[in-house]
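> Okay, predicted coordinates and the sequence, questions at the end:
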Amino acid sequence: MDTLRGRLCLVVTAIAIAAAVLPQVAESQDISKALKRRIEKLDRVIEGFADKFNATGDMRKFEALVKRLDQRGGYIAEAEKRHGAKHPEVVALMASQAKMEKAYISECEAMLLKTLADAQPPVDVYRGGDRDEVAETVTTAWQAAHPDDEILDLRFPEATWTNKKVWEYDAGRDAFEFVDRSTLWVRVIVKYTDKLAIAYTAYATKDNVAKTLGASVYTKRGHVWDVLLVSSVAL
């Protein structure tokens, strides 16, 4: 009996040690060579779009640059999800992404100031009675998620909420649940340089069943963002 108890203790101890070690396995691994090659390939392509934009002032070239910067950021997010934000290579890649974005915006700044001289900020059409509450909710959530951002303004480009009512299967509960949610597109305008701002995408969200209001603000990657002049934003 004592022998069996001893074996059980050893098994439990081994499981506990394995559980403690497992979360660290990904962090101890190097980022895959394939992912690194994709990032390196993008780095070479990105430089070309910046040069083309500065030579022509064609905003389609700048949009292409932005899309590739976003794509690069998506690769880094993939590495972060797999290895954790504290992995040394992930930390270095995130720092290089921030540095690269700032460098290219600065490199293109003179042409952007010329090209965007007459550009207008996103339209602002929502006039719902909950507008102030929605604006406060989105602002608070954005500041919590992106504490270094200086928000200049919020714009609401849609006049109405988009509603979704559907029965969805919840795998965790092995059951269907009724979903009644509404979303409203919001543009969060953030100061980027003394003369340039970026209008990012965010979404106000309503759970019409739980009667709660929230915001989706982790949207800097893979969503629309536009560069505009600070002078065009009503402060």
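Received the coordinates, thanks. Numbering: from 1, shown residues only.

> switch to C-alpha atoms for all contacts and neighbour counts from now on
Noted.

> give me every residue that touches Glu42.
Heads up, residue 42 is Leu, not Glu. 68, 72 (CA atoms under 8 Å, 6 or more residues apart in numbering).

> what are the phi and psi angles of it?
Dihedral pair for Leu42: phi -60, psi -40, per degrees, to the nearest 10.

> what do you get for Pro88?
Dihedral angles (degrees, to the nearest 10) for Pro88: phi -50, psi -40.

> how many other residues sit next to it?
By other CA atoms under 10 Å, 15 other residues sit near Pro88.

> Who's the closest spatial neighbour of Tyr104, skipping the chain neighbours?
Ala50 (6.9 Å; CA to CA, 6 or more residues apart in numbering).

> Distance of Ala144 relative to Ala202?
Going from Ala144 to Ala202 by CA to CA, to the nearest Å gives 13 Å.

> likewise Gly172?
For Gly172, the distance to Ala202 equals 28 Å [CA to CA].

> Between those two, point out the one with more neighbours.
The neighbour comparison of Gly172 against Ala202 (other CA under 10 Å) goes to Ala202, with 26 against 6.

> So what's the gap between the helix or strand containing that one and the chain middle?
In this assignment (DSSP states H and E), Ala202 forms part of strand 196-207. Centroid separation for strand 196-207 versus its chain: 10 Å, with CA atoms, centre = their mean, to the nearest Å.

> Could you chop this structure up by domain?
Annotated domains of the chain cover 31-115, 131-232 [automatic domain parsing].

> Now do the shortest one: distance to the chain's middle.
When you say that, I think you mean domain 31-115. 14 Å.

> what about the residue nearest to Tyr104, which helix or strand?
Element membership for Ala50, per DSSP H and E: helix 33-56.

> ditto for Tyr169
Per DSSP H and E: Tyr169 is located in strand 162-170.

> So which other helices or strands are in contact with that strand?
strand 175-191 (3 or more CA pairs under 8 Å, 6 or more residues apart in numbering; DSSP states H and E).

> still on that earlier bit, mind listing what the residue nearest to Tyr104 touches?
Counting by CA under 8 Å, 6+ apart, Ala50 touches 61-62, 65, 104, 107-108.

> quick one: which two of those are the most distant?
The largest separation in the contacts of Ala50, counting by CA to CA, is between Lys61 and Glu107 at 13.7 Å.
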